[in-house]
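In: mind folding the following:
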Amino acid sequence: MKVLVVLPTYQEAENIATVLRRIRDADSEAHVLVVDDASPDGTADLALAVGEELGGVDVLRRPGKAGLGSAYRDGFAWGLHRGFDAFVEMDSDLQHDPAALPDLLAPLGQGLDVVVGSRYVPGGSMPHWGVHRRALSRAGNVYAALLLRLDVTDLTSGYRAYSANILRRIDLGAVRADGYGFQIEMVHRAALAGGRVTEVPIRFVDRVEGRSKMSMRIIVEALALVTWWGVARLLGRRPPSGLPGVEAGVGTRGQAAP
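Out: Now for the predicted structure:
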């Protein structure tokens with residue numbers, strides 16, 4: 001199984017070398033695509049330098065910040081064009097442990113289509129989160145799962161794997177959400193396309209270096225989109241591409257490394 005790990009980056013020079021080496025330790029055969037949004041700290045150049053040492057690393061340079069969702073869409077398109085069989089979403093800031101890669105990928109080899117790394121199934125954890133933050137995250141996930149009728153405990157998790165088959169069946173061009181909304185939308189569309197979804201436990205930790213890119217805008221967007229998709233489902237319609245009356249932003253594709 002040809003595996004592509006997609007790593008969106010912006011200002012991750014402090015973490016990129018470590019995460020690339022840890023991915024290689026966890027899966028010596030996995031290929032990595034770093035999708036960099038013109039990081040001024042030299043993240044892309046550092047990734048290329050480490051890639052020359054490790055092998056199996058490419059960098060997709062984009063002209064500016066275009067959002068997490070568009071970074072993954074560009075990464076998926078890059079990998080599908082090159083014949084990869086499995087795709088992994090992973091944060092580049094070490095909040096996701098690369099050592100969990102084999103467990104995340106194993107269900108794909110058994111015919112599953114989407115594998116979500118969950119903080120909420122038995123064995124999953126987020127040891128650095130306080131009670132208030134846990135409660136907000138859990139409530140948001142329960143709300144989305146109930147409204148969209150998805151049997152998934154951690155819809156907002158950004159550590160997950162997809163089969164190439166399900167990515168081809170999803171209309172990636174219609175996916176427009178970013179951040180949490182993107183993660184929810186991908187599972188929603190995969191389920192509507194007949195994909196089989198499962199979860200495996202992961203340990204989610206706070207980043208050690210750098211600053212989080214998550215914002216209140218992304219959280220509000222996710223809640224609004226889930227509500228809009230839920231209304232569309234009740235009306236018997238396919239999930240819309242965005243909120244009514246709002247034109248969704250589209251990321252700009254960069255140039256892939258040779």
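In: where does P244 land on pLDDT?
Out: With respect to pLDDT, P244 has a value of 44.
In: no wait, G83
Out: pLDDT at G83 comes out at 98.
In: what sits closest to it if chain neighbours are left out?
Out: Counting by CB to CB, 6 or more residues apart in numbering, K2 is the residue found nearest to G83 once chain neighbours are left out, at 6.7 Å. All C-beta atoms are positioned from the backbone trio N, CA, C, and that covers glycine.
In: show the contacting residues for the one you found.
Out: By CB atoms under 8 Å, 6 or more residues apart in numbering, K2 lies in contact with H31, G83, F84, D85, A86.
In: of the residues you listed, closest to A191?
Out: A86 (18.6 Å; CB to CB).
In: next, count neighbours for the nearest residue to the closest one once chain neighbours are set aside.
Out: Of all residues not flanking A86 in the chain, V3 sits nearest, at 4.7 Å (CB to CB, 6+ apart). Residues near V3, counting by other CB atoms under 10 Å, number 22.
In: my read: V3 touches E29, true?
Out: Yes. With contact defined as CB atoms under 8 Å, V3 counts as touching E29 (6.8 Å).
In: packing partners of the host helix or strand of R133?
Out: Following DSSP states H and E, one finds R133 within helix 131-148. Judged by 3 or more CB pairs under 8 Å, 6 or more residues apart in numbering; DSSP states H and E, the packing partners of helix 131-148 are helix 179-192, helix 216-234.
In: CA atoms only: put the shortest one into CSV for me.
Out: If I follow you right, that is helix 179-192. What follows is helix 179-192, C-alpha atoms only, in CSV (Å, rounded to 0.1, in the frame of the first residue of the first chain):
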residue,chain,number,x,y,z
GLY,A,179,-10.2,23.7,10.2
TYR,A,180,-12.8,21.8,12.2
GLY,A,181,-15.4,22.3,9.5
PHE,A,182,-13.2,20.6,6.9
GLN,A,183,-12.7,17.6,9.1
ILE,A,184,-16.5,17.2,9.7
GLU,A,185,-17.4,17.8,6.1
MET,A,186,-14.9,15.1,4.9
VAL,A,187,-16.5,12.4,7.1
HIS,A,188,-20.0,13.6,6.2
ARG,A,189,-19.3,13.4,2.5
ALA,A,190,-17.5,10.1,2.8
ALA,A,191,-20.5,8.6,4.6
LEU,A,192,-22.9,9.9,2.0
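In: which secondary structure elements does that helix contact?
Out: Secondary-structure packing of helix 179-192 (3+ CB pairs under 8 Å, 6+ apart): helix 68-81, strand 114-118, helix 131-148, strand 160-163, strand 197-201, helix 216-234.
In: helix or strand for L20, which one?
Out: helix 16-26.
In: show me the contact partners of the next helix or strand after that helix.
Out: The element immediately downstream of helix 16-26 (helix or strand, assigned by DSSP H and E) is strand 31-36. For strand 31-36, contacts defined as CB under 8 Å, 6+ apart pick out 2-10, 16, 20, 23, 43-44, 47, 51, 56-62, 71-72, 74-75, 78-79, 84, 92, 254.
In: state the mean pLDDT of the helix or strand that strand 31-36 is followed by.
Out: The first helix or strand that comes after strand 31-36 along the chain, using DSSP H and E, is helix 43-54. For helix 43-54, the mean pLDDT works out to 98.
In: which residues does helix 43-54 contact?
Out: 9-13, 16-17, 20-21, 24, 32, 34, 36, 38, 57-59, 61, 257.
In: roughly how far does the closest residue to R82 other than its chain neighbours sit from M90?
Out: Leaving aside its sequence neighbours, R82 sits nearest to L4 (CB to CB, 6+ apart; 8.0 Å). Distance of L4 to M90, computed by CB to CB, to the nearest Å: 11 Å.
In: what's the answer for D206, then?
Out: 16 Å.
In: to which secondary structure element is F87 assigned?
Out: strand 86-89.
In: partners of that strand, with directions?
Out: Sheet pairing of strand 86-89 (DSSP bridges) gives strand 3-9 (parallel), strand 160-163 (antiparallel).
In: take the ones you listed and write them to JSON lines, including mean pLDDT.
Out: Formatted as JSON lines, these follow (pLDDT from 0 to 100):
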{"stretch": "strand 3-9", "mean pLDDT": "98"}
{"stretch": "strand 160-163", "mean pLDDT": "99"}
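In: right, I'll leave it there.
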